[in-house]
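> only geometry, no sequence info:
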Ligand SMILES: *Cc1c(COP(=O)(O)O)cnc(C)c1O
């Protein structure tokens, strides 16, 4: 038995949510604001849910400063569904798209897109075991590409783009599943951004898609209606029953973000958390960071001792001390500390303290 207060949850996703958000959801679970029933039992076409949908959309628009020429969509299926939806909606018939291969999810997205058109790589960082992000000058674009796709934060390998890649006029598509709402976004540089919501926004199963209106209406004829961005935009994400609970939870999360001071405060906290961990990793003689300086993720810090047995021991002892879900992804091994928005700075402090203590006994 472990209490919530004694636990720091470093899970990569689904991941920690602010206690205030969970508390409010539980208070409103049986009776939503005096209507006599739950959000889970509410018609999605009724006025109560319409208000939830419009206020969630409005909060996102204001917090992320989404310009008027973008559409905000809440779609079922999570991040992976968008791996298919993006080529279906943006690839021209018989056309091609450019992909930056910087990690696990970027590779999966490229493999999915190959079903709908020709995929060309702008870079492939696999030969360096995805320990860094390419420089702008390393990216090779191809004539006639319908779009350029990159994964802004590589959840598995712990690397993150620290700049907005520029293309020769090709619309830019970004998977921000694991770093949305952790930075200001300059929408001028993007055609579409999307995120599976279970890392920084809400419970799993939904994707948030923010797409430039001028990119709508180009879908391939085989595109299922439910995956058409144009139709979903026309129907305000209600082509069918939307993921109501996720949209409601996202609304609560955004209320929380606003209450603590918005993106500016989230940026301050993420820098504090990640800097604590990376500066210790850089001086430790036991633990080593996987990602190179200049490419490191603020959200997913990947590290190891270089010895699988010691890693395993570390993960077990950390777990016993309430620092849970630190096991790395099977592709990379070692450890991964995911420091999403809801992780208090204290969580990173406790982890570094624990690592120092562990190091003393293992060196
Ligand atoms: C988790 C994740 C996904 C997959 O999301 P699902 O909702 O599980 O399909 C895609 N891309 C990135 C960057 C992720 O972190």
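Sure, I can see it. Since we're looking at a predicted model, the values are computed, not measured.

> right, and residue 93 touches residue 220 too?
Yes - taking contacts as CB atoms under 8 Å, residue 93 lies within contact range of residue 220: 6.3 Å. Backbone N, C-alpha and C define where each C-beta goes, glycine included.

> these two: who's more crowded?
residue 220 (17 against 11; other CB atoms under 10 Å).

> and that one, how far from the ligand?
Per CB to the nearest ligand atom, to the nearest Å, residue 220 is found 21 Å from the ligand.

> now that residue, what's its secondary structure?
Following DSSP: H, G, I helix; E, B strand; the rest coil, the label given to residue 220 is coil.

> then the one 3 residues further on?
For residue 223, the assignment made with three-state DSSP gives coil.

> run through the residues that contact it.
Each residue near residue 223 by CB atoms under 8 Å, 6 or more residues apart in numbering is listed here: 88-89.

> so where does the closest residue to residue 229 other than its chain neighbours fall, helix or strand?
Nearest-residue entry for residue 229: residue 89, 4.8 Å, with adjacent residues in sequence omitted and distances by CB to CB, 6 or more residues apart in numbering. Element membership of residue 89, judged by DSSP states H and E, is helix 78-90.

> what segments of the stretch 151-300 of the chain are helices?
Counting by DSSP state H, counting those that start in this stretch, the stretch 151-300 of the chain has helices at residues 229-234, 244-260, 262-283.

> right, and those - which one's nearest the ligand?
Closest approach to the ligand among the helices of the stretch 151-300 of the chain is made by helix 244-260 (10.9 Å; CB to the nearest ligand atom).

> just the buried positions in that closest one, please.
Buried residues in helix 244-260, counted by 16 or more other CB atoms under 10 Å: 244-257.

> give me the mean pLDDT for stretch 353-360.
Stretch 353-360 shows a mean pLDDT of 98.

> and what of stretch 82-92?
98.

> wait, does that stretch make contact with the ligand?
No - judged by CB under 6 Å from any ligand atom, stretch 82-92 makes no contact with the ligand; its nearest approach is 7.6 Å.

> what does the stretch 1-150 of the chain put close to the ligand?
13, 78-80, 105.

> residue contacts, the nearest residue to residue 6 once chain neighbours are set aside?
Spatial nearest neighbour of residue 6, excluding adjacent residues (CB to CB, 6+ apart): residue 322 at 4.6 Å. Contacts for residue 322 (CB under 8 Å, 6+ apart) come out as 2, 6-8.

> closest to the ligand out of these?
Nearest to the ligand among the contacts of residue 322, counting by CB to the nearest ligand atom, is residue 8 at 19.9 Å.

> wait, the closest one touches residue 347, no?
Yes - counting by CB under 8 Å, residue 8 touches residue 347, with 4.0 Å between them.

> which residue does the stretch 201-350 of the chain have closest to the ligand?
Using CB to the nearest ligand atom, residue 204 is the residue of the stretch 201-350 of the chain that sits closest to the ligand, at 5.9 Å.

> any idea how far residue 271 is from the closest residue in space to that residue that isn't next to it in sequence?
Leaving aside its sequence neighbours, residue 204 sits nearest to residue 198 (CB to CB, 6+ apart; 3.8 Å). Computed with CB to CB, to the nearest Å, the distance linking residue 198 and residue 271 is 23 Å.
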